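Trainee: Pasted the sequence and its predicted model underneath.
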Amino acid sequence: NAGVMQNPRHLVRRRGQEARLRCSPMKGHSHVYWYRQLPEEGLKFMVYLQKENIIDESGMPKERFSAEFPKEGPSILRIQQVVRGDSAAYFCASSPELGGENTEAFFGQGTRLTVV
Amino acid sequence: QQQVKQSPQSLIVQKGGISIINCAYENTAFDYFPWYQQFPGKGPALLIAIRPDVSEKKEGRFTISFNKSAKQFSLHIMDSQPGDSATYFCAASLNDYKLSFGAGTTVTVRA
């Protein structure tokens, strides 16, 4: 059973370009979460999605950032018109369910975005 | 506003020693307190977790101590090994998905 797969692992974009980060959850997991990690800081929650639905996007910047988790295919975190401050590691996590005993979220290896 | 404060920022321990990392939280509604271990270039991996109805949980060399009245919890790594050298994050959540992370502690175990 493959873990959470994120690609690309490293992404370099020039200011003003678009960044698209992909996340394939673990098999059987229908809950996906995106977190951002700035250097020397902990992870910050961005958004929680289930298939075709955004459940909680309270951590997403209001502009330029969007996320989706379509019925088919990976979850996508999209950053439009990137700026240097967007440079960070973006982690995706997935879990099978909420509540009960089985609530562990498994993290991918992250996408390290560098804006030049 | 940082909801979970973690200390120390880094620590060095000799092989066989005890590593202790402390966290304090603000939101009394938090009901899930996990610890994650992260190696360079990797994603965080769940190490051990506790719910507020117990004061201590032990798994192998790792122990969580939880003090609900003080709103504090800590991770103890017994018999620290060089392979334990990593960054450790405490976290807390209200509804199992929205984790609030501490800033992390870099642990270095000297052989």
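Mentor: Thanks, I have it. Residues are numbered from 1 along each chain as shown, chains lettered A, B, ... in the order given.

Trainee: Need the distance between the two termini of stretch A:17-26.
Mentor: In stretch A:17-26, first residue to last residue: 30 Å (CA to CA, to the nearest Å).

Trainee: And the contacts of it?
Mentor: A:1-8, A:11, A:13, A:31-32, A:34, A:74-82, A:86, A:90, A:92, A:94, A:96, A:106, A:108, A:111, A:113, A:115 (CB atoms under 8 Å, 6 or more residues apart in numbering or on different chains). All C-beta atoms are positioned from the backbone trio N, CA, C, and that covers glycine.

Trainee: Can you select the buried ones from those residues in PyMOL?
Mentor: Buried residues among the contacts of stretch A:17-26 (16 or more other CB atoms under 10 Å in any protein chain shown), as a PyMOL selection:
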select buried, chain A and resi 3+4+6+11+13+31+32+34+74+75+76+77+79+82+86+90+92+94+96+106+108+111+113+115
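
Trainee: filter the contacts of stretch A:17-26 down to the ones close to chain B.
Mentor: Residues of the contacts of stretch A:17-26 in contact with chain B (CB under 8 Å from any CB of the partner chain): A:4, A:31, A:106, A:108.

Trainee: Among those, which pair sits farthest apart?
Mentor: Pairwise distances across these (CB to CB) peak at 13.7 Å, for the pair A:31 and A:108.

Trainee: ok, back up a step: how about JSON lines for the ones next to chain B among the contacts of stretch A:17-26, with pLDDT and secondary structure added?
Mentor: Compiled in JSON lines, those are given as follows (pLDDT from 0 to 100; DSSP: H, G, I helix; E, B strand; the rest coil):
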{"residue": "A:4", "pLDDT": "95", "secondary structure": "coil"}
{"residue": "A:31", "pLDDT": "91", "secondary structure": "strand"}
{"residue": "A:106", "pLDDT": "90", "secondary structure": "strand"}
{"residue": "A:108", "pLDDT": "95", "secondary structure": "coil"}
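
Trainee: Now render the residues you listed as TSV, adding distance to residue B:57.
Mentor: What follows is these, written out as TSV (distance: CB to CB, whole Å):
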residue	distance to residue B:57
A:4	25
A:31	24
A:106	20
A:108	26
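
Trainee: So what pairs up with the residue nearest to residue A:42 when sequence neighbours are not counted in the strands?
Mentor: For residue A:42, ignoring the flanking residues on the chain, the nearest one in space by CB to CB, 6 or more residues apart in numbering or on different chains is residue B:101 at 3.4 Å. Residue B:101 has these beta-bridge partners by DSSP bridges: residue B:91.

Trainee: How about the contacts made by residue B:101?
Mentor: Listed by CB under 8 Å, 6+ apart, the contact partners of residue B:101 are A:35, A:42-44, B:4, B:36, B:89-91.

Trainee: helices or strands up against the helix or strand where residue B:34 lies?
Mentor: If you go by DSSP states H and E, residue B:34 is part of strand B:33-38. For strand B:33-38, the elements it packs on are strand B:45-50, strand B:62-67, strand B:86-92, judged by 3 or more CB pairs under 8 Å, 6 or more residues apart in numbering or on different chains; DSSP states H and E.

Trainee: Good, we can wrap up now.
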